[in-house]
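Novice: could you look at this predicted model? Sequence included:
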Amino acid sequence: MFTAPIIAPIVVAGTTSSAAAPGTDATTSSSAAATSATSATSAAAAAAASASDPISASIDIEATDVIRLVQQFLKENGLTRTLATLQDETSVTLNTVDNLETFVSDVINGHWDSVLNAVQQLQLPDKKLIDLHEQIYIELVEMHETGAAKSLLKQGEPLLLLKKHQPHRYQHLEGLLAPRAYWDPQEVYLDGSSKEKRRTMIAHALAAEIHVVPAGRLLSLIGQAVKWQYHQGLIQPGASFDLFRGRKVQHAIEEEQLPTQLGASIKFGKQSHPECAKFSPDGQYLATGSVDHFVELWNPHTGKIAQDLRYQAKDDFMLMESTVLCLGFSVDSEMLATGAQDGKLKIWRVQTGEVLRRFEKAHNGGLTSVKFSRDNSQVLTTSFDQTIKLHGLKSGKTLKEFRGHVSFVNDAIITHDGQFVISGSSDGTVKVWDMRTTECTTTVRPHSGVANREIAVTAILPIPRNTEQFLIVSKSNALHVINLNGLVVRTLQSSTIACDFVAASISPRGEFVYAVGENRRLYAFRLDTGELEGNEMELHEKEVIGIEHHPHLNIVATFSEQGPLKLWKP
């Protein structure tokens, strides 16, 4: 048996600790599908149970029962070949009939064709099969169906087993074929029984082996699990739900609008504040890493801690050994990478909070950025130690190192095609590196016209829907769009802005660039024209550290050295 926790009853496929390690291949077969279905149904069944302590309570569920639920679903939907394959691979038989009352009635009334068709789909004890076939044989003889009776006696597997283990009983059946003047039930049924009594006895014996399951039992259990999550507040009323992944449906990107008002706030302790924040690509969570070493995931709509994650509901959070300086989600939102001031890097599974991989010495200095590759098998990091590194999640080793910057490397990204790395540094340069050879192919100084001043490049942002261009954020009052050849395509700047920018983010469709100035004000540029849009807005009382845009909703998160993280909306 296995134990199913009921705190997250509908979280399925790819969310359990037994999932494949990062970088391993996944093979899909009917047995793998059965395993996923088993996990899903066991969780659903567990969720449907009531418990005094919803956090720690659990119930034991027989794995064979779960497989039978899946088999019932396959049978009800006419997926007979898949059902047969699942029964062969698991050695678990459904053992049910369309209607138990009808089946019992068929046995009692001697409708043997219907009975035998139903029995072919069942897994029954040899003794009960022998009793059934013995009765059918006797009645064939009684009706003078001698040919069919002989065939059943000589070729039927149950009666051949009878011959092997109870030869005297088998010989008695052979003797019934001898010609006789009349049919004497007392001579036929040696135990003093009769045709009617034997049929009734066999019907009840077979019925005891058959599982009676209400129609649609699997869907009913899953429905109860989803209702339980609504009841517990884990799913917001009216929200569409992705049953397979156990998440809210990811909607299309909203029509983009400028933020104008505060939607929600996330408060931190007096001695703490977030140093980094990221929305998950599916938009379900906002992750923060703070100076007190904690990594927390929040509901981006309410600003409350994400209670659908069991470990957070128990006040058990992901934790680093020093200040968390950067974090990044995998493309599928299943993993979270966190980098700390002590040079350590950890990879977490979001749904369980477990550490999948740790790099104790990813860098010799604090990490400044971390990005997953598109296939989620590698992680790119930058550091105060002036290097960029590529780490393999499967091997747990550093695979490549890019050297050439002469100051802190603040950010780096992998291009959409995976062939190049683009990095930005406090030495005032943007470098393009060949991913295969680690050689620097291009060096760009976005502010080369500024004499005697190295203007730190703080972020490299990919531009949505244009894989050939990138936004360069630097400690200046201008933002630059460059291409892979290092050419500046466009500059976003306004004579009305006298302060330097400290952070920026791009809206999901790429219509707006939101930049935060040292004056703590938010500026919105139209990316296609470089013009300012809307009114500037003051965000925080203290210096702003960063800004992040939700991946498909009009929600902008900003955070500072003091006070709450704020979620802004139109």
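Specialist: Perfect, thanks for sending it.
Novice: CA only for contacts and neighbour counts going forward, please
Specialist: OK.
Novice: first-to-last residue distance for stretch 293-303?
Specialist: 20 Å (CA to CA, to the nearest Å).
Novice: give me the mean pLDDT for it.
Specialist: Averaging the model's pLDDT scores along stretch 293-303 yields 95.
Novice: ok, and what's touching that stretch?
Specialist: Residues outside stretch 293-303 that contact it (CA atoms under 8 Å, 6 or more residues apart in numbering) are 264-266, 283-289, 304-306, 317-324, 555, 567.
Novice: please apply the same query to stretch 483-493.
Specialist: Here stretch 483-493 has contacts from 432, 442-444, 446, 468-470, 477-482, 525, 527, 530-531, using CA under 8 Å, 6+ apart.
Novice: just the buried residues from the contacts of stretch 293-303, in PyMOL please.
Specialist: If you want just the buried ones from those in PyMOL, going by 16 or more other CA atoms under 10 Å, the selection is:
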select buried, resi 264+265+266+283+284+285+286+287+288+289+305+306+317+318+319+320+322+323+324+555+567
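Novice: picking up where we left off before, now intersect the contacts of stretch 483-493 with the strands, please.
Specialist: Taking DSSP state E, the ones among the contacts of stretch 483-493 that sit in strands are 432, 442-444, 468-470, 478-482, 525.
Novice: which of the residues you listed lies closest to Ala225?
Specialist: Using CA to CA, the shortest approach to Ala225 within those belongs to Phe470, at 44.3 Å.
Novice: quickly list what the closest one is bridged to.
Specialist: Note on Phe470: beta-bridge partners by DSSP bridges are Pro462, Ile482.
Novice: gap between it and Val488?
Specialist: 10 Å.
Novice: please enumerate the shared neighbours of the two.
Specialist: Here Phe470 and Val488 share the contacting residues Val481, Ile482, scored by CA under 8 Å, 6+ apart.
Novice: who has more neighbours, the two?
Specialist: Between Phe470 and Val488, counted using other CA atoms under 10 Å, the more crowded position is Phe470 (23 against 18).
Novice: pretty sure that one is touching Leu461, no?
Specialist: Yes - using CA atoms under 8 Å, Phe470 makes contact with Leu461 at a distance of 5.6 Å.
Novice: excluding sequence neighbours, find me the nearest residue to Gln121.
Specialist: Setting aside the residues directly before and after it, Gln121 is nearest to Asn95 in space (CA to CA, 6 or more residues apart in numbering), at 7.0 Å.
Novice: can you pull the contacts of the one you found?
Specialist: Counting by CA under 8 Å, 6+ apart, the residues that Asn95 touches are Gln121, Leu122, Gln123, Glu209, Ile210, His211.
Novice: pLDDT wise, what is the fifth one at?
Specialist: If I follow you right, that is Ile210. Note for Ile210: predicted pLDDT of 87.
Novice: the first one now?
Specialist: As predicted, Gln121 sits at a pLDDT of 78.
Novice: how many neighbours does it have?
Specialist: Gln121: 14 neighbours (other CA under 10 Å).
Novice: likewise for the fifth one?
Specialist: Neighbourhood size, Ile210 [other CA under 10 Å]: 16.
Novice: who's in contact with it?
Specialist: With CA under 8 Å, 6+ apart, Ile210 has these contacts: Asn95, Thr96, Val97, Leu100, Leu122.
Novice: turn those into TSV, including distance to Glu76.
Specialist: Formatted as TSV, those follow (distance: CA to CA, whole Å):
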residue	distance to Glu76
Asn95	14
Thr96	11
Val97	11
Leu100	15
Leu122	16
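Novice: which of those residues count as buried?
Specialist: Buried members of those, counted by 16+ other CA under 10 Å: Asn95, Thr96, Val97, Leu122.
Novice: show me the two of the residues you listed that sit farthest apart.
Specialist: So, the buried ones among the contacts of Ile210 by CA to CA: farthest apart are Val97 and Leu122, at 8.4 Å.
Novice: list the buried residues for stretch 121-138?
Specialist: Result for stretch 121-138 [16+ other CA under 10 Å]: buried residues 122-123, 128-138.
Novice: got CSV for the residues you listed, with distance to His540 and secondary structure too?
Specialist: Below are these laid out as CSV (distance: CA to CA, whole Å; DSSP: H, G, I helix; E, B strand; the rest coil):
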residue, distance to His540, secondary structure
Leu122, 69, coil
Gln123, 70, coil
Lys128, 79, helix
Leu129, 79, helix
Ile130, 83, helix
Asp131, 83, helix
Leu132, 82, helix
His133, 84, helix
Glu134, 87, helix
Gln135, 87, helix
Ile136, 86, helix
Tyr137, 89, helix
Ile138, 92, helix
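Novice: just to revisit the earlier point, now, the contacts of stretch 293-303 that are in strands?
Specialist: Ala264, Ser265, Ile266, Leu286, Ala287, Thr288, Gly289, Met318, Leu319, Val324, Leu567.
Novice: lowest average confidence, helix or strand, in the protein?
Specialist: strand 2-5 (a mean of 35; mean pLDDT, DSSP states H and E).
Novice: so what's the closest residue to Leu258 other than its chain neighbours up against?
Specialist: Of all residues not flanking Leu258 in the chain, Pro570 sits nearest, at 5.6 Å (CA to CA, 6+ apart). By CA under 8 Å, 6+ apart, the contact set of Pro570 is Gln257, Leu258, Pro259, Thr260, Gln261, Asn554, Ile555.
Novice: how about JSON lines for these, with distance to Met537 and pLDDT added?
Specialist: As requested, the contacts of Pro570 are arranged in JSON lines below (distance: CA to CA, whole Å; pLDDT from 0 to 100):
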{"residue": "Gln257", "distance to Met537": "14", "pLDDT": "92"}
{"residue": "Leu258", "distance to Met537": "11", "pLDDT": "93"}
{"residue": "Pro259", "distance to Met537": "9", "pLDDT": "92"}
{"residue": "Thr260", "distance to Met537": "8", "pLDDT": "92"}
{"residue": "Gln261", "distance to Met537": "9", "pLDDT": "94"}
{"residue": "Asn554", "distance to Met537": "16", "pLDDT": "93"}
{"residue": "Ile555", "distance to Met537": "15", "pLDDT": "95"}
